[in-house]
Structure formats: structure tokens, C-alpha cells
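Novice: Kindly return the folded structure for what I paste below:
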Amino acid sequence: MEMDIPEEKIAEPKAEPKKLIKYADDDKYPISTLALMRIPPLVGGLVLGMVLSFVMSRFEEVLAKNVQVAFFIPLVVYMASAVGGQTQGIYTRDLKSGKAKFATYLLKETCLGLILGFLFGALSWFIVETWFGSEELARAIALSMFAAVASAPLVALIITEVFELEHQDPAVGAGPIATVIQDTISVIIYGLISSAILLN
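Specialist: Sure, this is the predicted structure:
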């Protein structure tokens, strides 16, 4: 009588457990832990903020020629940061719920950036042209607004995704870093476009 010899079970390699992200939660962690989570990205933001100040100083010539250029630096920087902040907030929320797909967000948010950039660029051109009666200044601000706002969702998404891949809470780290990077990009865009239009 033949006996069935059980086949040897082949051990399947165990999948490494997914590293969980430690989300900042005021209800869960003490102040000391929350502070330790929030200080490093803010220090990084401080350093990058000093870089932003240096970048701004490089456009002294165009500011000296037309002081009105300085009036609109906060506007261009704020609008780009606001659009980027919207993107980051929505993406971070959906990352935590597990519903976010980077490729989908990248496509849609890039399209939204272009639409919003065109809209606010056109509005800026109309307001500045009406207010100051300067076609050159209006064109510089409108083009800068378009470029800064259009780039904002892309910057916000990439920085947030990097923090997610590094298993860091994007809500804590991505905000300060993405903001100062976007501000620096906005200032560079505004400075270069203003210089090209107003210094020639």
C-alpha cells in the first residue's frame, strides 16, 4: 500500500510591514512630543527663509528703478502660497484616508494651477493697468502671477509626497518647507520677469 508523501510547503517570503506615519495629534501626544515633531521643519523653513531674503536682495536694481514693483511682491507671493496651501491641504487629508493617488492629483492639480494662474493673472493685469496706468508694470505682474500660481500646486504636491515617502507627517513638515520654497520661486519669477520687462 502506497503512502502519500506530503509535499513540502514552500515558505513564502514575508512582506515587510508598512512603516506607519506618526501623525501629529494634540489629543494623543504631550506637548514635548508635538514640539519635537514641529521644530525641525520650522528650522528648515528659517534657513530657507534666509535664502529667500538673499534672493530678494538680488533684484535691487529693478526695485530702485520702479518702487511700484515692491507694492505687489506680497500679492504675488500670497496668491501662489494660497493656491499651494489648498493643494497641500486636500492632498494631505486624502493621504491620511488612503484615497490619494499621486498621478491623479499631479494631472488635475497641474491643470487647476494653469487655470487659476490665467484667471488671477488676467485680474491682476486689469487692476494694475486701471490703478497705475502702466502697461509694462501690469504685464510684469500679470505674467508673474500666472507663472507663480501655476507652479504652486506642483511644488505643494511634490514636497508633500516626499514627506509621505519618508514616513513623516506631511501636515507638520510639508507646510513650512513647501511654503518657503514656493515663496522663493515666486520671488525669483517676479524678479526675473519684472527685470526683463522694466529694465529694457
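Novice: measure the residue nearest the centre of the chain to Ile115 for me?
Specialist: Central residue of the chain (Cα atoms, centre = their mean): Ala156, 2.6 Å from the mean position. As judged by Cβ to Cβ, to the nearest Å, Ala156 and Ile115 stand 16 Å apart. Yep, even glycine has a C-beta here, placed from its N, CA and C like the rest.
Novice: do you know how far the residue nearest to the centre of the chain is from Leu63?
Specialist: 28 Å.
Novice: so what's Thr184 up against?
Specialist: Leu48, Val51, Leu52, Val55 (Cβ atoms under 8 Å, 6 or more residues apart in numbering).
Novice: Please tell me the pLDDT value assigned to it.
Specialist: As predicted, Thr184 sits at a pLDDT of 90.
Novice: ok, which stretches of the chain are helices?
Specialist: Counting by DSSP state H, the chain has helices at residues 31-57, 60-65, 68-71, 73-97, 102-132, 135-165, 170-198.
Novice: quick check: angle from the last one to helix 31-57?
Specialist: Pointing back at helix 170-198 there. Put simply, helix 170-198 runs at 10 degrees to helix 31-57, going by axes from the mean of the first three to the mean of the last three Cα atoms, to 10 degrees.
Novice: quick one: contacts for Val162?
Specialist: Taking Cβ under 8 Å, 6+ apart, one finds Ala174 in contact with Val162.
Novice: Let's see the pLDDT reported for it.
Specialist: Looking at Val162, the pLDDT reads 86.
Novice: how close does it get to Met79?
Specialist: 24 Å.
Novice: Show me the shaky parts of the protein.
Specialist: Flagging of the chain using pLDDT under 70 yields the residue ranges 1-27, 171, 173.
Novice: How many residues are close by the residue nearest to Glu161 when sequence neighbours are not counted?
Specialist: Nearest residue to Glu161 in three dimensions, chain neighbours excluded: Phe102, at 5.6 Å (Cβ to Cβ, 6 or more residues apart in numbering). Residues near Phe102, counting by other Cβ atoms under 10 Å, number 15.
Novice: my read: Phe102 touches Leu154, true?
Specialist: No. Counting by Cβ atoms under 8 Å, Phe102 does not reach Leu154; the two are 11.8 Å apart.
Novice: for His167, phi and psi?
Specialist: The phi and psi torsions at His167 (degrees, to the nearest 10) take the values phi 60, psi 40.
Novice: go on, Gly98?
Specialist: The phi/psi pair for Gly98 (degrees, to the nearest 10) is phi 80, psi 10.
Novice: Sweet, I'm off.
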